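Enquirer: Need a 3D model of the following:
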Amino acid sequence: QVQLVESGGGSVQAGGSLKLSCAASGRIFSIYAFGWHRQAPGKQRELVAAIPPGGATNYADSVKGRFTISRDNAKNTVTLQMNNLKPDDTAVYYCNVDLRTVTGRAEYWGQGTQVTVSS
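Expert: Numbering: from 1, shown residues only. Next comes the predicted model:
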């Protein structure tokens, strides 16, 4: 059984910052890629940022230069530092992880955390 626990969402004014964290726990053999996705009301879920084992990060064009994804392999955690937030960043943010357990390789999703940016 694998669990992903997210934290750090909330409300902030435009221009402000928030930091999201996600911790994976359970009988994990290895973690491949971590990612953060978001879904705004009435819109499809989209990739915000991803970080594979080698650390070569990938960002959506809309967040480049403002968001930073990082991972701590020893703690099985991933964080998303979000700076200069804009109202368009308002969404539910989901952590996801591609990992291997005793039963094989699978992808897991967190429960989601709300980020609200007011103008």
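
Enquirer: Could I get the average pLDDT for stretch 5-21?
Expert: Stretch 5-21 shows a mean pLDDT of 97.

Enquirer: Next, report how far the helix or strand where residue 36 lies is displaced from the centre of its chain.
Expert: Element membership for residue 36, per DSSP states H and E: strand 28-39. For strand 28-39, the distance from its own C-alpha centre to the chain's C-alpha centre is 8 Å (C-alpha atoms, centre = their mean, to the nearest Å).

Enquirer: Buried residues of the helix or strand just after it, list them for me.
Expert: On the C-terminal side of strand 28-39, the nearest following helix or strand under DSSP H and E is strand 46-51. Using 16 or more other C-beta atoms under 10 Å as the test for burial, strand 46-51 gives 48-51. Just so you know, the C-beta spots here come from the backbone N, C-alpha and C atoms, and that holds for glycine as well.

Enquirer: about what we covered before: direction included, what does the strand holding residue 36 pair up with?
Expert: Using DSSP bridges, the strands paired with strand 28-39 are strand 46-51 (antiparallel), strand 91-101 (antiparallel).

Enquirer: for those, which one sits closest to residue 19?
Expert: Taking C-beta to C-beta, strand 91-101 is the member of those nearest to residue 19, at 11.3 Å.

Enquirer: CA-only coordinates of the closest one, as CSV, when you get a sec.
Expert: Taking C-alpha atoms only, strand 91-101 is exported to CSV below (Å, rounded to 0.1, in the frame of the first residue of the first chain):
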residue,chain,number,x,y,z
ALA,A,91,-6.6,25.2,-9.1
VAL,A,92,-6.5,22.0,-7.2
TYR,A,93,-2.9,20.7,-7.3
TYR,A,94,-2.2,17.0,-7.4
CYS,A,95,1.0,15.2,-6.7
ASN,A,96,1.7,12.1,-8.6
VAL,A,97,4.5,9.6,-8.5
ASP,A,98,5.7,6.8,-10.7
LEU,A,99,7.2,4.1,-8.5
ARG,A,100,7.9,0.4,-7.9
THR,A,101,6.7,-1.7,-5.1
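
Enquirer: who touches that strand?
Expert: The list of residues contacting strand 91-101 from outside it, by C-beta atoms under 8 Å, 6 or more residues apart in numbering, reads 2, 4, 6, 9, 20, 22, 24, 26-40, 43, 45, 48, 78, 80, 105-115.
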